[in-house]
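1. The following comprises the amino acid sequence and a computationally predicted model.
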Amino acid sequence: MQSYGAEVQGLTYNAADQRYEAKVVFHEAFEKVTYPVDIKAPITANFKTISRGLVLRARALRARGRGVNLAHLKRVADTAADSGRLTA
């Protein structure tokens, strides 16, 4: 079993879809792994309940090897830019 910290960032409420949306960042060793997630709930929902639900959803994505790993994509883009394969 792996141990890591999780942080919910950029929490917003999408009133049209009645969903909370955020990025969940897992802090592991020297790396940050980020998953964009959402959860359906009313605007009156408790923050603690919402944040727990978002983290659980991100953990499920991670366990299945799904979702976007933004930290990895940024490293790939930085490496490509440094090697001259990516130009602005």
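-> Looks like it arrived, so ask away. Residues are numbered from 1 along each chain as shown.

2. quick one: pLDDT of Gly5?
-> On the pLDDT scale, Gly5 is placed at 85.

3. ok, how many other residues are close to it?
-> As a burial measure, Gly5 scores 8 neighbours (other CB atoms under 10 Å). Quick note: C-beta positions are derived from backbone N, CA and C, even for glycine.

4. ditto for the one 10 residues further on
-> Counted by other CB under 10 Å, the residues lying close to Ala15 total 8.

5. For this structure, which segments count as helices?
-> 47-63, 70-82 (DSSP state H).

6. any low-confidence regions in the protein?
-> 1-4, 66-78, 84-88 (pLDDT under 70).

7. Centre-most residue in the protein?
-> For the chain, the residue nearest the mean C-alpha position is Tyr35 (2.3 Å; CA atoms, centre = their mean).

8. my guess is that residue meets Ala60, correct?
-> No. Between Tyr35 and Ala60 there is no contact, the gap being 9.6 Å when judged by CB atoms under 8 Å.

9. and Leu61, how far is that from Lys48?
-> Using CB to CB, to the nearest Å, Leu61 is found at 21 Å from Lys48.

10. Correction: the previous question concerned Tyr35.
-> 20 Å.

11. who's more crowded, Leu61 and Lys48?
-> Leu61 (17 against 8).

12. Would you confirm that the more buried one contacts Pro36?
-> No. Counting by CB under 8 Å, Leu61 stays clear of Pro36, with 9.3 Å between them.

13. Just the buried residues of stretch 37-44, please?
-> 37, 39, 41 (16 or more other CB atoms under 10 Å).

14. Give me the subset of these lying in strands.
-> 37, 39 (DSSP state E).

15. if we can go back for a sec, quickly compare the helices of the chain and say which is most buried.
-> helix 47-63 (a mean of 15; mean count of other CB atoms under 10 Å).

16. Show me how far that helix is from its chain's centre.
-> 9 Å (CA atoms, centre = their mean, to the nearest Å).

17. Much appreciated, bye for now.
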